[in-house]
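[1] fold the following.
(4 chains)
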There are 2 protein chains.
Amino acid sequence: MRILVVEDDVNLNRQLAEALKEAGYVVDQAFDGEEGHYLGDGEPYDAVILDIGLPEMDGITVLEKWRGAGKAMPVLILTARDRWSDKVAGIDAGADDYVAKPFHVEEVLARIRALIRRAAGHASSEIVCGPVRLDTKASKATVDGVQLKLTSHEFRLLSYLMHHMGQAVSRTELVEHMYDQDFDRDSNTIEVFVGRLRKKIGNDLIETVRGLGYRMQPPGAAPADKSGKS
Amino acid sequence: MRILVVEDDVNLNRQLAEALKEAGYVVDQAFDGEEGHYLGDGEPYDAVILDIGLPEMDGITVLEKWRGAGKAMPVLILTARDRWSDKVAGIDAGADDYVAKPFHVEEVLARIRALIRRAAGHASSEIVCGPVRLDTKASKATVDGVQLKLTSHEFRLLSYLMHHMGQAVSRTELVEHMYDQDFDRDSNTIEVFVGRLRKKIGNDLIETVRGLGYRMQPPGAAPADKSGKS
DNA sequence: CTTCGACCACGAGAATGCGCATGAATGACT
DNA sequence: AGTCATTCATGCGCATTCTCGTGGTCGAAG
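    Now for the predicted structure:
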């Protein structure tokens, strides 16, 4: 999962970014409205944390521009505690949630989790697929109750697949959500990680869709194929 | 749009209900956890406003029960301003948003609007034709609920046909949409794929229109019309 | 009604290229 | 210094796709 943090306070920005990375997200940072808008417009984020008071371009404006351009990713805005009119303006501009400053970083993490979860259409903080259980709150995964030992990239891969269960996910999409801006897109890294993951969670769970990418299936979904081969 | 308000403070409950009705929603009211849970479990709401501190059954518990039973409607929880741990707990229990008391009614309305707007975005993109069901988002297709194993070209073909249901689609048109620019137009690949597809989804669904191309038809619509075309 | 030409279905073999495993090289963290 | 995660390159196996050839079906004209 890839997240953009737009916040001009350098300390706060770093603080957030570190907490998010700690929790297993990939994080891009922007320090003014201009830069934030540019990144959010060009890169595919799973969520954005956006400060309202920003140099160069106001947070609300940034948000409106994104929404106007059809960007639909969940956005969490940061406002001063006493400016409740900002919150309403922000929400009407298309924000999905807000947190008032000063805040507990923990709270922001919970909100982000909730936003990502909701964007993927899941109600609870645990996502289950057959024997695999992903705990987004604790950033852990288990198979048949046994905890998996995953590297950070393996976890991000699994997480992304499970948040998009049933969908076929392209290699490019995976790369874009598992890495930040600059990454050499021509390589077979993803395939390697898929291989490794399969070795850990069992081969049948991640299905490869030739020419398209990979797909994780909800539980009893694909029993047999009809008159094809296998 | 139908909304459930679960709040034990009679005044507050009425205040919310009136504002919501004013805004054009249909509103049901519950005044304790038990009643709230019962209604939310049995009736189809587009959104729920749920207080955390409730007699009979705690709001978090109510929410967990709903989510455990597969209810996925958006839920906005109300908490006391100083209990931020409640918010985190609530969000992790599956709440989609929260508002801290005391709040401006206007703000609650904005949130509800946002929640409903967002929930509408989760409609699955499916096209159905008789027993065949095509899910473009997941890149998969089922016949009578059984998942098909299609290669990427077969899928593209089916997809194009189903997107133009009822129309006769020429071979050239198909070629142009299934391949990029230059492709040897003198080849019978399309016929081969149509054959393969028919074998997988059943022969009656793709009708051949001699001299023109192929057509997919919802069943029973125009059973093998001999005397002309549409 | 018959015949002819064009169009279509289908099977089987051949070529293409995708995806996977593997192992070595690089980099990060302790 | 050593371990572990990550990245990259290579070659093989096989699903997929394409070509080709034969036989069948349809429609129109004589």
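[2] can you map out the helices along chain A?
    Along chain A, the segments classed as helices by DSSP state H run A:10-22, A:33-42, A:59-68, A:84-92, A:105-119, A:152-163, A:171-178, A:189-201.
[3] quick check: residues of chain A near DNA strand C?
    A:171, A:188, A:191-192, A:194-195, A:198, A:208, A:210-213 (CB under 7 Å from any atom of the strand). Quick note: C-beta positions are derived from backbone N, CA and C, even for glycine.
[4] which residues does A:Arg171 contact?
    Applying CB atoms under 8 Å, 6 or more residues apart in numbering or on different chains to A:Arg171 gives the contacts A:190-191, A:213-214.
[5] now for the lowest-mean-pLDDT helix or strand in chain A, which elements pack on it?
    Lowest mean confidence among the helices and strands of chain A (mean pLDDT, DSSP states H and E): helix A:84-92, at a mean of 75. Helix A:84-92 is packed against helix A:59-68, strand A:75-80, strand A:97-101, helix B:105-120, with contacts defined by 3 or more CB pairs under 8 Å, 6 or more residues apart in numbering or on different chains; DSSP states H and E.
[6] ok, the nearest residue to A:Tyr45 once chain neighbours are set aside to A:Met73 distance?
    Leaving aside its sequence neighbours, A:Tyr45 sits nearest to A:Leu4 (CB to CB, 6 or more residues apart in numbering or on different chains; 4.7 Å). Look at A:Leu4 and A:Met73: by CB to CB, to the nearest Å, they are 9 Å apart.
[7] can you tell me the centre-most residue of chain A?
    A:Met1 (3.1 Å; CA atoms, centre = their mean).
[8] test my guess that that one contacts A:Arg156.
    Yes: counting by CB atoms under 8 Å, A:Met1 does reach A:Arg156; the two are 6.7 Å apart.
[9] what do the two both touch?
    A:24, A:26, A:177.
[10] okay, the residues you listed in CSV with neighbour count and pLDDT next?
    What follows is the shared contacts of A:Met1 and A:Arg156, written out as CSV (neighbours: other CB atoms under 10 Å in any protein chain shown; pLDDT from 0 to 100):
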residue, neighbour count, pLDDT
A:Gly24, 16, 91
A:Val26, 21, 93
A:His177, 22, 90
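[11] near DNA strand D too, which of the residues you listed?
    Of the shared contacts of A:Met1 and A:Arg156, not one also sits near DNA strand D (CB under 7 Å from any atom of the strand).
[12] nearest to B:Ala100, of the residues you listed?
    For the shared contacts of A:Met1 and A:Arg156, the minimum distance to B:Ala100 (CB to CB) is 28.5 Å, reached by A:Gly24.
[13] could you find the closest non-adjacent residue to the closest one?
    Spatial nearest neighbour of A:Gly24, excluding adjacent residues (CB to CB, 6+ apart): A:Ser139 at 4.8 Å.
[14] separation between the one you found and chain B?
    Shown here: A:Ser139 relative to chain B, a distance of 13 Å by CB to the nearest CB, to the nearest Å.
[15] contact partners for that residue?
    So A:Ser139 contacts A:23-24, A:155 (CB under 8 Å, 6+ apart).
[16] near the residue of chain A found nearest DNA strand C, how many other residues are there?
    Residue of chain A nearest DNA strand C, by CB to the nearest atom of the strand: A:Gly195 (3.0 Å). Neighbours of A:Gly195 under the rule other CB atoms under 10 Å in any protein chain shown: 12.
[17] which pLDDT does the model give it?
    Note on A:Gly195: pLDDT of 94.
[18] what do you get for A:Pro218?
    68.
[19] swap in the one 3 residues further on?
    At A:Ala221, the model reports a pLDDT of 45.
[20] pLDDT below threshold where in chain A?
    When residues are selected by pLDDT under 70, those of chain A lie in A:182, A:184-185, A:218-230.
[21] spell out which residues of it are next to DNA strand D.
    A:149, A:151-154, A:179, A:184, A:187-189, A:192-193, A:210-211, A:229.
[22] just flag the most distant two among those residues.
    The widest separation within the residues of chain A next to DNA strand D (CB to CB) is 37.9 Å, between A:Ser152 and A:Lys229.
[23] look at these two and report which has more neighbours.
    Between A:Ser152 and A:Lys229, A:Ser152 has the larger neighbour count (other CB under 10 Å), namely 13 against 5.
[24] from what I can see the more buried one touches A:Glu22, true?
    No: proximity of A:Ser152 to A:Glu22 does not meet the contact threshold set by CB under 8 Å, at 10.4 Å.
[25] which residues sit in contact with the nearest residue to A:Leu20 once chain neighbours are set aside?
    Of all residues not flanking A:Leu20 in the chain, A:Val27 sits nearest, at 4.9 Å (CB to CB, 6+ apart). The neighbours of A:Val27, taking CB under 8 Å, 6+ apart as the test, are A:2-5, A:17, A:20-21, A:180.
[26] so what's the residue count around A:Ser125?
    Other residues close to A:Ser125 by other CB under 10 Å number 19.
[27] same check on A:Val192?
    For A:Val192, the neighbour count with other CB under 10 Å is 11.
[28] likewise for A:Asn203?
    10.
[29] A:Gly70 too?
    Using other CB under 10 Å, A:Gly70 is surrounded by 6 other residues.
[30] ok, now A:Ala93?
    So A:Ala93, with other CB under 10 Å, has 20 neighbours.
[31] you'd agree it is up against A:Asp58?
    No: using CB under 8 Å as the test, A:Ala93 is too far from A:Asp58 to be in contact (10.3 Å).
[32] quick one: buried residues of stretch A:30-43?
    Neighbour counts over stretch A:30-43 (16 or more other CB atoms under 10 Å in any protein chain shown) mark A:30-33, A:35-37, A:39-40 as buried.
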